[in-house]
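**Student:** need a 3D model of the sequence below.
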Amino acid sequence: MIRIAVVDDHDVIREGIKKLIETDPDLLVVGEAGMEEDVIPLITSSQPDILLLDIFLNTADSGLKLLKEIHSSAKNVKVLFISMFSSTNTVENALTSGAAGFLPKTETSRYLLEAIHLIAEGKIYVSPEILTKIYTKKADSEERLTPFLTAREKEILYNLGQGFSSGSIARKLDVSRNTITSHIENMKHKLGISTSRDLSFYAIQMRHTQEKS
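**Tutor:** A predicted model of the protein is given here:
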């Protein structure tokens, strides 16, 4: 059973999300809140596996501030941001700050359950709408850079796009984790990507594009 807590300052939205979650027998809503100051106490009392969190509560940066607090006090809780606002900068900031996913409120009824299950498996979830925005923004530069990867690097990138960790990829390809780490560092250098998390995000974008083509 996957334990879910829901935080949104609109009662109607919270109720709609809860009703949707309750249609899945593998999910359980264990708590809810509507205020920024209630989030940490909620996590402490309900012990959720995944927190659905409106990225804009009291202020524009409240979600990201809460994410830092959650990582400090409850490292095992994965945060799926939901929002009416999904600019590429907002999404990228959320994911590079450690969010497990980002879902626009306009897409919750279609993708929420899928997002929860993928995040519970340790994967990162970004909705198709957002991936399309980000890919459109970055497509030209990415198409120029990707051909410079070796066949092995492309294989590792593909696996990152499927949500596999570096350790899982090492076992799958029957190589050492250090070898995968070395390839990842090379890819980051070739693609001009600064962090491993950004590389995983890039890989997810590429996966989505390939699935649509």
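
**Student:** surely A99 forms part of a helix?
**Tutor:** No. Looking at A99 with DSSP: H, G, I helix; E, B strand; the rest coil, it is coil, so not inside a helix.

**Student:** surely it touches S83?
**Tutor:** No. Applying Cβ atoms under 8 Å as the test, A99 and S83 come out as separate, 10.9 Å apart. All C-beta atoms are positioned from the backbone trio N, CA, C, and that covers glycine.

**Student:** for those two, indicate the residue with more neighbours.
**Tutor:** A count of neighbours by other Cβ atoms under 10 Å puts A99 above the other of A99 and S83, at 25 against 20.

**Student:** backbone dihedrals for that one, please?
**Tutor:** Main-chain torsions, A99, degrees, to the nearest 10: phi -70, psi 150.

**Student:** contacting residues around it?
**Tutor:** By Cβ atoms under 8 Å, 6 or more residues apart in numbering, A99 lies in contact with 67, 79-81.

**Student:** run the last query once more with 6 Å
**Tutor:** By Cβ atoms under 6 Å, 6 or more residues apart in numbering, the contact set of A99 is 79, 81.

**Student:** distance of it from I55?
**Tutor:** Per Cβ to Cβ, to the nearest Å, A99 is found 8 Å from I55.

**Student:** what does S109 give?
**Tutor:** S109 is 19 Å from I55, by Cβ to Cβ.

**Student:** next one: D174
**Tutor:** For D174, the distance to I55 - Cβ to Cβ - is 40 Å.

**Student:** higher neighbour count, those two?
**Tutor:** Per other Cβ under 10 Å, whichever of D174 and I55 has more neighbours is I55, with 24 against 6.
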